[in-house]
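A.B. asks: With the input below, show me the fold.
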Amino acid sequence: MKLTILGGGGFRVPLVYGALLGDQAEGRVTAVTLYDVDSERLDAVSRVLAEQAAGQPDPPRVSVTRDLDEAVRGADFVFSAIRVGGLEGRAADERVALAEGVLGQETVGAGGIAYGLRTVPVATGIARRIAELAPDAWVINFTNPAGLVTEAMSRILGDRVIGICDSPVGLGRRVAKVLGADPATAWTDYVGLNHLGWLRGLRVGGRDRLPELLADSEALGSFEEGRLFGPDWLRSLGAIPNEYLHYYYFNRETVRAYQEAKQTRGAFLRAQQAGFYEEMKRPGTPALTTWRRTLAEREATYMAANREAAGAGEREAEDLQPGGYEQVALALMRAVARDERTTLILNVRNRGALSVLDADAVVEVPCLVDANGAHPVAVDPLPPYATGLVTAVKAVEREVLAAAGSGSRSHAVTAFALHPLVDSVSVARRLVDGYRAEHAGLAYLRLP
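C.D. replies: Residues are numbered from 1 along each chain as shown. So this is what the prediction gives:
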């Protein structure tokens, strides 16, 4: 099988290739095409992959291209992990938002809207080329904001585009570990949108073990989400929120922490990865060792401002290890290509799974996956506190899609103004103007 990786010069591509190297079963991926607009990044990542493959039995062969049509033609799977505007764009998203006193995180709040506004037009253009050149391909979307981008692409590709995220996997794994359960066999009752979901139960042998965890303050405080949110708040919710909900539930503290930090997350990653790619230009640089060192630093500083605001301390050692989205992607490909039926938490069209949203809304829920794709499992209705957030953020996503489709500045302003973390229509208008001034990719927002 042929796998095409869009954003093939991206820093985390070796995680995906590493997962492929561990798969020796019949029907596995045998050819990987890396597509990127940056030839130097492609060269750096190709060197890392070559060192990963050294000594491995029959590794997938790797080719590179800067031609999108060449990349997708004949692909069985297309993995999309593009970053429109690069890390420079992410840093600008954070800076503009924080200047207005609102959150600039890349998937949540003002930063997520700005990122979506410039990414959706590119993602839909890619979807059209895939529909034309590889109509039978399955698209696995990891491009952020993942739920929004998946919904945009689904309007062209239908159910053949599936969004993935490693946050629900990590949350389920941590909760299962605390309860002494096997995450591979436990049923995780998780529901919401991407980066806006709640674990409402963990069923082992037909019994929900979450109530006993919520009753144990010491156990609740022993893992990342417990330390981020605090045992009392988790008991108030009766659920374990996705870590990204910390931006909502503790917004004032998080914004202050971001404002007081020496540099934003985007600025840190921009500098760190620039150093990595510059180092890779030098002959003799040990590619895999250099990449692993950079990855370890990246993972250790993930959501550092949130942990500082909550007094949560350092990340656990096991949360620094690979085994997240790349394993979800591999499991998804295996299930579809070989009909190895499994259950995964994915971003897919709702089709009635979550009653509060329409059928075409992309949601993040458990899905049964087989050769015919991902089939969302019907979930219990959301409690009122979650219904309000989910419907509000989905309304924001729909305004982003309307703006991207029409070029309407008015729809863009509405997207910002409706978001729960943007506190004024006046701020929303200034955000649109500020982001248009920063990003050439938003020049299309010309209409009223």
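
A.B. asks: Find me the pLDDT at the residue lying closest to residue 214 once chain neighbours are set aside, would you?
C.D. replies: Counting by CB to CB, 6 or more residues apart in numbering, residue 235 is the residue found nearest to residue 214 once chain neighbours are left out, at 5.2 Å. The way it works is simple: take the backbone N, C-alpha and C, and place the C-beta from them, glycine included. We have a pLDDT of 97 for residue 235.

A.B. asks: And the next helix or strand past the lowest-mean-pLDDT helix or strand in the chain?
C.D. replies: Lowest on mean pLDDT, DSSP states H and E among the helices and strands of the chain sits helix 304-310, with a mean of 72. For helix 304-310, the following helix or strand on the C-terminal side (DSSP states H and E) is helix 325-338.

A.B. asks: shaky segments in the stretch 301-448 of the chain?
C.D. replies: 307, 314-323 (pLDDT under 70).

A.B. asks: Can you give me every residue that contacts residue 132?
C.D. replies: Listed by CB atoms under 8 Å, 6 or more residues apart in numbering, residue 132 has no contact partners.

A.B. asks: Now it: which helix or strand?
C.D. replies: Per DSSP H and E, the secondary structure element for residue 132 is helix 109-133.

A.B. asks: Which positions in that helix come out as buried?
C.D. replies: Within helix 109-133, the residues that count as buried by 16 or more other CB atoms under 10 Å are 109-124, 126-127, 129-131, 133.

A.B. asks: likewise stretch 202-221?
C.D. replies: Result for stretch 202-221 [16+ other CB under 10 Å]: buried residues 202, 209-210, 213-214, 219-220.

A.B. asks: Ok, stretch 157-175 next?
C.D. replies: The neighbour-count check on stretch 157-175 (16+ other CB under 10 Å) flags 157, 160-175 as buried.

A.B. asks: So which of those are in strands?
C.D. replies: Counting by DSSP state E, the buried residues of stretch 157-175 place 161-163 in strands.

A.B. asks: Quick check: of these, which lies closest to residue 299?
C.D. replies: Closest to residue 299 out of those is residue 163 (21.7 Å), distances taken as CB to CB.

A.B. asks: Could you report the distance from the nearest residue to that closest one once chain neighbours are set aside to residue 184?
C.D. replies: Spatial nearest neighbour of residue 163, chain neighbours left out: residue 347 (2.9 Å); criterion: CB to CB, 6+ apart. Going from residue 347 to residue 184 by CB to CB, to the nearest Å gives 21 Å.

A.B. asks: Residue 18 and residue 43, how far apart?
C.D. replies: With the distance defined as CB to CB, residue 18 ends up 19 Å from residue 43.

A.B. asks: neighbour-wise, which of these two wins?
C.D. replies: Remark: of residue 18 and residue 43, residue 18 carries more neighbours, 19 against 15, as counted by other CB atoms under 10 Å.

A.B. asks: and the more buried one, what element?
C.D. replies: Going by DSSP H and E, residue 18 is part of helix 13-21.

A.B. asks: packing partners for that helix?
C.D. replies: Applying 3 or more CB pairs under 8 Å, 6 or more residues apart in numbering; DSSP states H and E, one finds that helix 13-21 contacts strand 2-6, strand 31-35, helix 39-53, helix 325-338.

A.B. asks: between the ones you listed, which one is nearest to residue 139?
C.D. replies: strand 2-6 (9.1 Å).

A.B. asks: And the contacts of that closest one?
C.D. replies: Under CB under 8 Å, 6+ apart, the answer for strand 2-6 is 13, 16, 20, 29-36, 60, 68, 71-72, 74-82, 126, 137, 143, 333.

A.B. asks: quick one: average pLDDT of it?
C.D. replies: For strand 2-6, the per-residue pLDDT averages 98.

A.B. asks: And stretch 187-198, by the same measure?
C.D. replies: Mean per-residue pLDDT for stretch 187-198: 97.

A.B. asks: Now do the end-to-end distance for it.
C.D. replies: 14 Å (CA to CA, to the nearest Å).

A.B. asks: Pull out the buried positions in that stretch.
C.D. replies: Those would be 187-198, for stretch 187-198 by 16+ other CB under 10 Å.

A.B. asks: Mind checking which of the residues you listed are in strands?
C.D. replies: Checking the buried residues of stretch 187-198 against DSSP E, those in strands are 187-193, 196-198.

A.B. asks: of those residues, closest to residue 179?
C.D. replies: In terms of CB to CB, no member of those lies closer to residue 179 than residue 188, at 11.5 Å.

A.B. asks: wait, isn't the closest one in contact with residue 367?
C.D. replies: No. Counting by CB atoms under 8 Å, residue 367 is not a contact partner of residue 188; they are 11.7 Å apart.

A.B. asks: who touches both of those two?
C.D. replies: Common neighbours of residue 188 and residue 367 are listed as residue 345 (criterion: CB under 8 Å, 6+ apart).

A.B. asks: Against residue 244, how distant is the residue nearest to residue 361 when sequence neighbours are not counted?
C.D. replies: Leaving aside its sequence neighbours, residue 361 sits nearest to residue 350 (CB to CB, 6+ apart; 4.7 Å). Distance, residue 350 to residue 244, by CB to CB: 20 Å.

A.B. asks: for residue 386, same thing?
C.D. replies: From residue 386 to residue 244 the distance is 14 Å (CB to CB).

A.B. asks: repeat for residue 217
C.D. replies: 24 Å.

A.B. asks: Could you do residue 309 as well?
C.D. replies: Counting by CB to CB, the gap from residue 309 to residue 244 is 14 Å.

A.B. asks: domain parsing for the chain?
C.D. replies: 2-163, 168-249, 251-310 (automatic domain parsing).

A.B. asks: Nearest to residue 417, out of those domains?
C.D. replies: Using CB to CB, the domains of the chain put domain 2-163 closest to residue 417, at 10.2 Å.

A.B. asks: What's the local residue count around residue 233?
C.D. replies: So residue 233, with other CB under 10 Å, has 14 neighbours.

A.B. asks: My error: substitute residue 185 in the last question.
C.D. replies: 10.
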